[in-house]
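Asks: sequence first, predicted model second:
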Amino acid sequence: QVQLVESGGGLVQAGDSLKLSCAASGRTFSMNTMAWFRQAPGKEREFVATINWRGGSTYYAESVKGRFTISRDNAKNTMYLQMNSLKPEDTAVYYCAASQGLPKSQPSGYNFWGQGTQVTVSS
């Protein structure tokens, strides 16, 4: 089992920046891929970004490309999401997820999830 805990959410204004963290514990050696998803009220969970835990290769949703940066610190077993130029449409609960498989943009591709952290961007 892998346990994931997100932190860093909050209320910011449009144009501001925010950095989310996801601390992993447990059988972290079994992880191959980690990702960020988000879910706004009344909407389905949406892919944001993914990173290969070992090689560090990344992939982003078009809606965040150029504004968000996913990274990881293997020594700390922690993944990050640096969010710049935030927009009101970025408002959602942000979840981190982990998988033993290859990077995927569907939630069904991940079997470990955190509890989520709220990000609210005011206009």
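Replies: Done, it's in.
Asks: nearest to the spatial middle of this structure, which residue is it?
Replies: Taking C-alpha atoms, centre = their mean, the centroid of the chain lies closest to Trp36, which sits 2.2 Å from it.
Asks: and the pLDDT at it?
Replies: Here, the pLDDT recorded for Trp36 equals 98.
Asks: contacting residues for the closest residue to Val121 other than its chain neighbours?
Replies: The shortest distance from Val121 to any non-neighbouring residue, by C-beta to C-beta, 6 or more residues apart in numbering, is to Leu86 (4.6 Å). All C-beta spots, glycine's among them, are computed from the backbone N, C-alpha and C. Residues counted as contacts of Leu86 (C-beta atoms under 8 Å, 6 or more residues apart in numbering) are Val12, Ala14, Gly15, Asp16, Ser17, Leu18, Arg67, Val119, Val121.
Asks: same thing with Ser63?
Replies: Glu89.
Asks: from Gln106, how far off is it?
Replies: Ser63 sits 16 Å away from Gln106, going by C-beta to C-beta, to the nearest Å.
Asks: swap in Gly10?
Replies: From Gly10 to Gln106 the distance is 28 Å (C-beta to C-beta).
Asks: the two: who's more crowded?
Replies: The residue with more neighbours, out of Gly10 and Gln106, is Gly10; 13 against 10, by other C-beta atoms under 10 Å.
Asks: I'd assumed Ser122 was in contact with the more buried one.
Replies: No: taking contacts as C-beta atoms under 8 Å, Gly10 lies outside contact range of Ser122: 11.1 Å.
Asks: how about the strands in the protein?
Replies: 2-7, 10-13, 18-26, 33-39, 46-52, 58-60, 68-73, 78-83, 92-99, 112-113, 117-122 (DSSP state E).
Asks: right, I'll call it a day here.
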